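Peer 1: Need the 3D shape of this:
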Amino acid sequence: MKKFVTLVLALTLAFALTACGGNNKELELTIFAAASMQEALTEIGENYRKDHLNITLTFNFDSSGTLKTQIEEGSVCDVFISAGQKQMDQLAEENFLLEGSRFDLLENKVALAVPEGNPADIGSYDDLKSALEAGTVLLAMGNSDVPVGQYTQKIFDYWGLEEGLAVSGCLTYGSNVKEVTAQVAERVVDCGIIYGTDAFSAGLTVVDTATEEMCGQVIYPAAVLAGSGHSDEAQAFLDYVRSPSGAAVLENMGFSPLR
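Peer 2: Next up, the predicted model:
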């Protein structure tokens, strides 16, 4: 009889523990983030998982314009971090964002990077402007729907350069900042306009950084999606990204966290 009672108690305890464990069941958060955040968010995600074993983080890195379109077309997404305000503004207007969850996360810089050896001897944005006007340089930049491409176009507008540059053979394009970075790293072009963080990650030389007057501030907004099935957990992850632990990783990668 004593053995029977012991067995019943053991089974009851096991059932209770299983029931409690149900509150910590595995859940998946899907984070859509600008391609320029790949290295930083991957490291932050690995650190976050150490203390949140029940949460799986699935990242989708691409241009902010592409990610915005995927969200609009119904892709499952809990968190969106954009490299530009434009894409986040559009999603806000379409009521895709969880009210009150949006904030500005960090700042990046628009860098002029050159491949090893600097074959065209480009040492500054002024050098680039002169070379573009003379048609003696091949520059890699982002497409018009990519934030880094939009910042580049602002620089061209600041300089008063005409759109004819595209036809003159001076420009090549990438569908996100990683593609532009790869063209510079592989020495396919003479230089490229990318983010300072991507130049850092790829080990490229930055010869100049655009001023705010040239292209504005490069602010990355973040938000939880209104359609998230795990909005509390999504917000908790974003809170971790901007915590001292997350900010340390961002700073190591060249970002300037906003507090």
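Peer 1: make it CA atoms for all contacts and neighbour counts henceforth
Peer 2: OK.
Peer 1: what's the following helix or strand after whichever helix or strand Lys178 is part of?
Peer 2: Here Lys178 sits within helix 177-185, counting by DSSP states H and E. Next in sequence after helix 177-185, counting helices and strands by DSSP H and E, comes strand 191-195.
Peer 1: and the next element down the chain from that next one?
Peer 2: helix 196-202.
Peer 1: Would you mind pulling the contact partners of that next one?
Peer 2: Applying CA atoms under 8 Å, 6 or more residues apart in numbering, the contact partners of helix 196-202 are 36, 39, 108-111, 113, 177-178, 181, 185, 205-206, 209, 253-255.
Peer 1: residues of it that come out buried?
Peer 2: 196-199 (16 or more other CA atoms under 10 Å).
Peer 1: Could you save the residues you listed as CSV and add columns showing distance to Leu138 and pLDDT?
Peer 2: CSV is the format used below for those (distance: CA to CA, whole Å; pLDDT from 0 to 100):
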residue, distance to Leu138, pLDDT
Gly196, 20, 96
Thr197, 22, 95
Asp198, 19, 95
Ala199, 18, 96
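Peer 1: Next, the angle strand 191-195 makes with the helix holding Lys178.
Peer 2: With axes from the mean of the first three to the mean of the last three CA atoms, to 10 degrees defining the directions, helix 177-185 sits at 150 degrees from strand 191-195.
Peer 1: by contact count, what packs against helix 177-185?
Peer 2: Here helix 177-185 touches strand 110-114, strand 139-142, strand 191-195, helix 196-202, going by 3 or more CA pairs under 8 Å, 6 or more residues apart in numbering; DSSP states H and E.
Peer 1: I'd like those as CSV, with distance to Glu213 appended.
Peer 2: Formatted as CSV, the helices and strands packed on helix 177-185 follow (distance: least, CA to CA, whole Å):
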stretch, distance to Glu213
strand 110-114, 12
strand 139-142, 19
strand 191-195, 16
helix 196-202, 17
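Peer 1: So which of these is nearest Gly216?
Peer 2: Among the helices and strands packed on helix 177-185, the nearest to Gly216 by CA to CA is strand 110-114 (9.6 Å).
Peer 1: next SSE after the closest one?
Peer 2: helix 125-134.
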